[in-house]
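Peer 1: Next input, structure requested:
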Amino acid sequence: MYSSWAIEYRGLEPESDNAILQIRLSGLTAVIIPFNKPFIAGKELYYIAQAVAFGNIAGDGVYTKRCARILEEQFGVHRVLMTPSCTAALEMAAILCEVGPGDEVILPSYTFVSTANAFVLRGAKPVFVDIRPDTLNLDEELIEQAITDRTKVICPVHYAGVGCEMDRIMEIADRHGLLVVEDAAQGVNAFHRGRALGSIGHLGAYSFHETKNYICGEGGALCINDERLVERAEIIRDKGTNRQQFFRGAVDKYTWVDIGSSCVPSEISSAFLYGQLEMLEPISKRRREIFESYAKHLEPLASEGLRLAAINVFPTRRAVCPAQARQRRRRNLAVDRRLWVSQPRAKVRRAPDPEGRVSPRSLGLARDPRLLGQRRLPLAHQPNEREFGHARHTQRSRCAGRRRQPAESQS
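Peer 2: Presented below is the predicted three-dimensional model:
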């Protein structure tokens, strides 16, 4: 049966920017626009060879530390710990927030499963709040309606690298004594009113998965903006041991002192990522060009139901020198100590969970009708005219199908 399959790869040479995967099955041809293409931006392969030559590829070597230093200095984060994934960073954040059974965490209703899983694993219950139709981010005006005396954390997600209204969210968290964990998986090198996403809340999480703007296959980082969390974060990341203190000479031997997991990335992944982080601005510039190409070719479909980006997703920012980074770090450390003091909060009456448990079914997850006009396309790929034509045809068919559906259901 499989011998009848003829798979042809065309235009996949390294210098080509218009790759098309054609799959021929039983005489039919399907044109598939790739969601993303892993790319080499600079000296990634050279740094991988260097990591091997240095004799340490397990983790926390030269390149892991260099990546953390770049993120700290460029984005004004007090401390960055590199992790194997953004999921691992979020799970560390949940432990640091000390959530447990009976606690509630406010999340946007539109996010990836890792955001909720990180807190559910600790026994907390996710409370989903609706999103804004313009940015698809957490609607900051609906947060306070969801706060109860059991709420402990607000977890805004910066969808597609577009910042949530963090000033308003931080003000709400301050007033109610809550912690803020930024899921900035898609927000590396993105800014909200001059501040890097991931550097505003108490904790933040980055992703370097191959579908993101800056990649290393699988990778992530935990951004720690409150210095009181650093010591325990190091322990959680290193299997619950105080090994990092041993390396610094603070203890004469290391031992198991807390819960934790293996959250240190491979030095090979960090070496690849370092080559990408050196090229922060060139990569951003290229992606801007690709975004503008999409906007130009898809604009005719706006009148047929396709919702295009209505905001500037590439805000201009100034370069950050080390001195500015240190100043930002000091500002981030000036966290209101009241956030960590238990305060009485107004109770909001909420209907109990009918099934008494947390699961996708009991949470009533459903497709948001406002998202039906969205069509997600890969920013890392530069389509040609044929691919754009295929995308336009597919979108018109989807829109036409939705217009016919009400009439068919009435009949």
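
Peer 1: And the strands in the protein?
Peer 2: Assigned strands in the chain, in chain order: 6-10, 20-25, 28-32, 79-83, 104-108, 125-129, 151-154, 179-183, 191-192, 195-196, 203-207, 220-224 (criterion: DSSP state E).

Peer 1: any residues touching the last one, and which ones?
Peer 2: The list of residues contacting strand 220-224 from outside it, by Cβ atoms under 8 Å, 6 or more residues apart in numbering, reads 67-68, 71, 75, 77-89, 92-93, 182, 184-185, 198-199, 203-209, 230, 233, 237, 265. Using the backbone N, CA and C atoms, a C-beta is placed for each residue, glycine as well.

Peer 1: Need the per-residue pLDDT for the closest residue to residue 215 other than its chain neighbours.
Peer 2: Spatial nearest neighbour of residue 215, chain neighbours left out: residue 208 (5.5 Å); criterion: Cβ to Cβ, 6 or more residues apart in numbering. Predicted confidence (pLDDT) at residue 208: the value is 98.

Peer 1: so residue 208 makes contact with residue 186?
Peer 2: No - the pair residue 208 and residue 186 fails to qualify as a contact (Cβ atoms under 8 Å) at a distance of 11.0 Å.

Peer 1: my guess is residue 264 meets residue 241, correct?
Peer 2: No - Residue 264 sits out of contact with residue 241 when judged by Cβ under 8 Å, with a separation of 11.5 Å.

Peer 1: Neighbour count for those two, which is higher?
Peer 2: Remark: of residue 264 and residue 241, residue 264 carries more neighbours, 21 against 18, as counted by other Cβ atoms under 10 Å.

Peer 1: how close does the residue nearest in space to the middle of the chain get to residue 142?
Peer 2: Among the residues of the chain, residue 185 comes closest to the average C-alpha position under Cα atoms, centre = their mean, at 1.2 Å. The gap separating residue 185 from residue 142 is 22 Å, by Cβ to Cβ, to the nearest Å.

Peer 1: Then residue 108?
Peer 2: Distance, residue 108 to residue 142, by Cβ to Cβ: 10 Å.

Peer 1: neighbour-wise, which of these two wins?
Peer 2: Higher neighbour count among residue 108 and residue 142: residue 108, with 24 against 15, using other Cβ under 10 Å.

Peer 1: Name the nearest residue to the more buried one, ignoring sequence neighbours.
Peer 2: Among residues not flanking residue 108 along the chain, residue 138 sits closest, at 4.0 Å (Cβ to Cβ, 6+ apart).

Peer 1: Am I right that that neighbour is in contact with residue 162?
Peer 2: No - in this structure, residue 138 sits apart from residue 162 without contact. The criterion is Cβ under 8 Å, and the distance is 11.4 Å.

Peer 1: quick one, which of the two is more surrounded?
Peer 2: For residue 138 versus residue 162, the count of surrounding residues by other Cβ under 10 Å is larger for residue 138: 29 against 21.

Peer 1: Enumerate every residue touching that one.
Peer 2: Residue 138 makes contact with 106-108, 129, 131-132, 156-157, 164, 169 under the criterion Cβ under 8 Å, 6+ apart.

Peer 1: Check residue 104 too.
Peer 2: Contacts were defined as Cβ under 8 Å, 6+ apart; by that measure residue 104 touches 124-127, 148, 150-152.

Peer 1: 6 Å instead, please
Peer 2: If you count contacts by Cβ atoms under 6 Å, 6 or more residues apart in numbering, residue 104 has them with 125, 127, 150-151.

Peer 1: ok so, going back, can you turn the buried part of the contacts of strand 220-224 into a PyMOL selection?
Peer 2: Selecting in PyMOL just the buried members of these, where the criterion is 16 or more other Cβ atoms under 10 Å, is done with this command:
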select buried, resi 67+68+71+75+77+78+79+80+81+82+83+84+85+86+87+88+89+92+93+182+184+185+198+199+203+204+205+206+207+208+209+233+237+265
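
Peer 1: Tell me what the residue nearest to residue 108 is bridged to.
Peer 2: Each beta-bridge partner of residue 138 is listed here, defined by DSSP bridges: residue 131.

Peer 1: didn't residue 280 look like it was pressed against residue 189?
Peer 2: Yes - under the criterion of Cβ atoms under 6 Å, residue 280 makes contact with residue 189 at 5.4 Å.

Peer 1: tally of neighbours for residue 248?
Peer 2: Each residue near residue 248 was counted by other Cβ under 10 Å, and the total is 10.

Peer 1: err, residue 53, not the other one
Peer 2: The local packing of residue 53 (other Cβ under 10 Å) involves 7 other residues.

Peer 1: what does residue 69 give?
Peer 2: As a measure of burial, residue 69 has 15 neighbours, counting by other Cβ under 10 Å.

Peer 1: again with residue 256
Peer 2: Residue 256 sits with 12 neighbouring residues when counted by other Cβ under 10 Å.

Peer 1: do the one 10 residues further on as well
Peer 2: Neighbouring residues of residue 266 were enumerated by other Cβ under 10 Å; the total is 21.

Peer 1: How about residue 212?
Peer 2: For residue 212, the number of neighbouring residues by other Cβ under 10 Å comes to 22.

Peer 1: Could you measure from it over to residue 263?
Peer 2: Using Cβ to Cβ, we find residue 212 at a distance of 18 Å from residue 263.

Peer 1: so what are the domain limits for the protein?
Peer 2: Under the assignment automatic domain parsing, the domains of the chain span 1-32, 44-301+324-340.

Peer 1: Could you tell me the least trusted of these?
Peer 2: Sorting the domains of the chain by mean pLDDT places domain 1-32 lowest, at a mean of 45.

Peer 1: hey, where'd the helices end up in the stretch 1-150 of the chain?
Peer 2: Per DSSP state H, counting those that start in this stretch, the stretch 1-150 of the chain carries helices over the ranges 44-54, 62-75, 86-96, 113-120, 143-146.

Peer 1: Buried deepest among the ones you listed, which one?
Peer 2: Comparing those on average neighbours per residue, with mean count of other Cβ atoms under 10 Å, the densest one is helix 86-96 at a mean of 26.
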